[in-house]
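[1] sequence unknown, structure follows:
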Ligand SMILES: Cc1ncc(COP(=O)(O)O)c(C=O)c1O
């Protein structure tokens, strides 16, 4: 098979599986238990945290392990609700956020718990400073904008957004689920206050992610419990956490090489599509620097292409949670293309271990679809 759907999920690394198994077999105790094996499990979690703290330059209590990117996005909204309880809360986000954030904002709005301004990015897919200026209000507390879009691969300018947030004394959260492993993020906390991650997008296991906080002491923890500083309840799994940290460590060790490879492969795909004169345009080509290659076919529907490739055991994607069931609209594409064109979308997302021969095979398959 040729797997080109790395934005949906990635294959777990052997180190992710081995670390999980080793820890789950030997140190399965509850890390909150006061006996020896519990303490060992707790120590393993502390060791795992150092991988994150060293890379992101945040304190250990700024790491809240969650079940994944979705929960991390939910948690930041919960923390803001708790932090400003009793005050009017307005937040600024965008229309191209992942459903875990966008839908939850809509729900909280319907429940009257906060009000939200959804910025539709400009025609190049990026949010502008003027749009932020127009959206801000006296009761704005948080700006939450993703780093890389899962469908277009377009990145947002988080330095500009951060400057805006600092000028207006607003908290800035970014959903970095698609960005981690595709962009250097070691200095991101110079810009943001909070960031969401997910392990399964960087060759880790599903069911583990994190919300990182730059200054955890500045936040009001919702719970009295000692677990995760009162930011999240529930037994934590040393095996999943150690496995996540092992993947992050593996990525950090090879970071430059992997990022260069991803960019080289992206360019190779784009060049080959052009060279073969396929009736496919690449979304936001000029300013996308991610291995997510959003494609629009001028001749076929994306579903048709996906199915044709599927029959050849080549796996790309057309659908994500961001699609509207009724209109076929893909929110991420709305700033860029009229809705009628969205059905022509499909996505090739490459990974560190994708080979040029796999890309060549995919291009030849596309020629016959
Ligand atoms: C940008 C973005 N945020 C959040 C998520 C949700 O992450 P998870 O699958 O870990 O819940 C995804 C998953 O596709 C994503 O692409």
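    Arrived safely. Source: prediction; values computed, not measured.

[2] going forward, measure contacts and count neighbours with C-alpha atoms only.
    Will do.

[3] look up phi and psi at the residue in the stretch 151-300 of the chain that the ligand sits nearest to.
    At 4.5 Å from the ligand, residue 198 is the closest residue in the stretch 151-300 of the chain, using CA to the nearest ligand atom. Dihedral angles of residue 198 (phi, psi; degrees, to the nearest 10) stand at phi -140, psi 130.

[4] let me see the contact set for the nearest residue to it once chain neighbours are set aside.
    Computed as CA to CA, 6 or more residues apart in numbering, the closest residue to residue 198 that is not its neighbour in sequence is residue 209, at 4.1 Å. Shown in contact with residue 209 (CA atoms under 8 Å, 6 or more residues apart in numbering): 65-69, 72, 196-199, 244.

[5] what residues does the stretch 101-250 of the chain put near the ligand?
    149-150, 175, 177-178, 198 (CA under 6 Å from any ligand atom).

[6] tabulate those (a markdown table), appending neighbour count.
    Listed next are those as a markdown table, based on neighbours: other CA atoms under 10 Å:
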| residue | neighbour count |
| --- | --- |
| 149 | 24 |
| 150 | 27 |
| 175 | 26 |
| 177 | 30 |
| 178 | 28 |
| 198 | 30 |
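
[7] so which of the residues you listed sit within strands?
    Using DSSP state E, the subset of those located in strands is 175, 198.

[8] so which of the residues of the stretch 101-250 of the chain next to the ligand comes closest to residue 237?
    residue 198 (15.1 Å; CA to CA).

[9] quick check: the closest one touching residue 73?
    No - counting by CA atoms under 8 Å, residue 198 sits too far from residue 73 to count as a contact (10.4 Å).

[10] hey, where'd the helices end up in the stretch 201-350 of the chain?
    238-253, 255-275, 302-311 (DSSP state H, counting those that start in this stretch).

[11] now residue 149. Nearest residue, chain neighbours left out?
    Going by CA to CA, 6+ apart, residue 149 has residue 155 as its nearest residue, at 6.5 Å.

[12] coming back round to it: return the member of the residues of the stretch 101-250 of the chain next to the ligand nearest to residue 301.
    Residue 301 has its nearest neighbour among these in residue 150, at 19.4 Å by CA to CA.

[13] gap between that closest one and residue 55?
    Distance of residue 150 to residue 55, given as CA to CA, to the nearest Å: 23 Å.

[14] same check, this time on residue 304
    To residue 55, residue 304 is 42 Å away according to CA to CA.

[15] over to residue 20?
    Distance, residue 20 to residue 55, by CA to CA: 22 Å.

[16] and what of residue 104?
    Counting by CA to CA, the gap from residue 104 to residue 55 is 30 Å.

[17] how long is stretch 24-43 end to end?
    14 Å.

[18] ok now it, how far from the chain's centre?
    Its chain's average C-alpha position is 30 Å from that of stretch 24-43, according to CA atoms, centre = their mean, to the nearest Å.

[19] now swap in stretch 111-126 and tell me
    18 Å.

[20] what mean pLDDT does it have?
    Across stretch 111-126, pLDDT averages out at 97.

[21] now do the buried residues in it.
    Of the residues in stretch 111-126, 114-121, 125-126 count as buried by neighbour count, 16 or more other CA atoms under 10 Å.

[22] same thing with stretch 292-312?
    For stretch 292-312, the neighbour count (16+ other CA under 10 Å) marks 292-297, 301-303, 305-309 as buried.
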